[in-house]
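> Dropping the sequence and predicted coords here.
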Amino acid sequence: MKLKIFLFFLLFVITASPQNSINLIVFPQLVNTDFSSLIPSNELQNNVRVFCIEITPQAIPVVVKGVFEWRKVNSNDFLELGNFETRPFVSRNFCNEELGGFEISLKSFNSNSDLLNENLRIGVPSGTYRITVMLYDQTGTNLLAQDTDNLSFLNPAQTIQIINPRVGLTYDAGNIIVEWTPISGVDYYSILANTRDNPSQSLEEALNSGTPLVNNRNVGNVNSINLRDYLERELLPGSEVVLQVVANLSGPSGGNRLFSQIVNFNILSPDAPQTEMLNLRLRNILSRLPYSPLLSLLENNQINLSEATFRLDDGTIISLEELINLLELNSDNIIRIESE
């Protein structure tokens, strides 16, 4: 009898003191996810649900940290895509789109724009992605538990991905370069574009409403065009544009069509300040390069172009506008642009 009482007491003590744990749940539809949406930020909106986190015990102050890594196909090393750290919050179960909100705000969030751009150029997830989440006490210094999940995509299905224009950026109406990832076996690509007059419209609704800017125009077997060359009506300054690229492949029963994602971007207003227009033109040039740390500096307001000095190899000082004109004229010959 004494032994039974003693065992019952031990069981009671163990169940009354639950272990700290964090459980990562990743959703299978990740194969269709743009991995730039993995990296959270404060005041994040319209993020895709990619993973959820279960925490035990609940209702205690904790900090959660996360790391997103990528190992390329045929590579042995993981490279860090980004990371985040929350501010202390009352522990509970949550999903990634809640990160950066009112209840679970972020102390820090970082991303490697070059690796994310490389992912975007590939068009679909490939290689192995690793997500690691770590549970800390409220000081953020004592690790309580962690969990990791790997997702491998060694043979991704063929898809088409728009590289430029970039979602949410503003472009000069006379120079909108559309670029997309190539598809093997394609006969030709076609372009659809329209204005989005109401923000309550979905991107698909906007693309298929009214009179299109570009109505399924055949642009040939190329991977980049200037949208200006295919417009069927004029772009309006300050308007929002939605765009989609379609790959057309021949085959039985009429062949097959692969649709890209729909991207939305804005048209520059002529009333914008001159410096803003020059900054915009430079960002558009940089966004087309596979490696551009300068773009990251501009997007994070870490560099002031109005205070920069530009010199040619012979020492000649040129203005920012002259530099941008030079880069635009020689855009096909640019390998990379670096800041010193």
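Thanks, I have it. Keep in mind that this is a model prediction, so the values were computed, not measured. Numbering: from 1, shown residues only.

> List the contacts of the helix or strand hosting residue 52.
Per DSSP states H and E: residue 52 is located in strand 51-56. Strand 51-56 is touched from outside by 18-27, 62, 64, 91-96, 131, 133, 135, 149, with contacts defined as CB atoms under 8 Å, 6 or more residues apart in numbering. Yep, even glycine has a C-beta here, placed from its N, CA and C like the rest.

> starting at the chain centroid, how far to that strand?
Offset of strand 51-56 from its chain centre (CA atoms, centre = their mean, to the nearest Å): 23 Å.

> neighbouring contacts of stretch 190-203?
178, 206-219, 225, 227, 230-231, 236, 239-246, 248, 262, 264.

> Could you list which of these belong to helices?
In this view, those that belong to helices under DSSP state H are 206-207.

> Selecting buried members of the contacts of stretch 190-203 in ChimeraX, what would you type?
Buried members of the contacts of stretch 190-203, defined by 16 or more other CB atoms under 10 Å, are picked up in ChimeraX with:
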select :178,206,207,212,213,214,217,219,225,227,230,231,240,241,242,243,244,245,246,248,262,264
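
> quick one: which of the contacts of strand 51-56 sit in strands?
In this view, the contacts of strand 51-56 that belong to strands under DSSP state E are 21-26, 62, 64, 94-95, 131, 133, 135, 149.

> Can you give the domain ranges for the chain?
If you go by automatic domain parsing, the domain ranges for the chain are 20-153, 162-267, 274-333.

> how about a markdown table for these, with mean pLDDT added?
Formatted as a markdown table, those follow (pLDDT from 0 to 100):
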| stretch | mean pLDDT |
| --- | --- |
| domain 20-153 | 81 |
| domain 162-267 | 88 |
| domain 274-333 | 71 |
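
> circling back to that earlier point, list the pairing partners of the strand holding residue 52 within its sheet, with orientation.
Strand pairing for strand 51-56, determined by DSSP bridges: strand 21-26 (antiparallel), strand 94-95 (antiparallel).

> Quick check: buried residues in that strand?
Residues 51-53, 55 are the ones in strand 51-56 that count as buried (16+ other CB under 10 Å).

> what's the neighbour count on residue 167?
Residue 167 has 13 neighbouring residues, counting by other CB atoms under 10 Å.

> Touching, residue 24 and residue 145? I think so.
No: the criterion here is CB atoms under 8 Å, and residue 24 misses it with residue 145 at 10.7 Å.

> Not counting residues beside it along the chain, what's closest to residue 160?
Nearest residue to residue 160 in three dimensions, chain neighbours excluded: residue 260, at 4.5 Å (CB to CB, 6 or more residues apart in numbering).

> now the angle between strand 21-26 and the helix or strand that contains residue 144, please.
Assigned by DSSP H and E, residue 144 falls within strand 143-153. Here strand 143-153 runs at an angle of 20 degrees relative to strand 21-26 (axes from the mean of the first three to the mean of the last three CA atoms, to 10 degrees).

> Who are the packing partners of strand 143-153?
When contacts are defined as 3 or more CB pairs under 8 Å, 6 or more residues apart in numbering; DSSP states H and E, strand 143-153 packs onto strand 21-26, strand 127-137.
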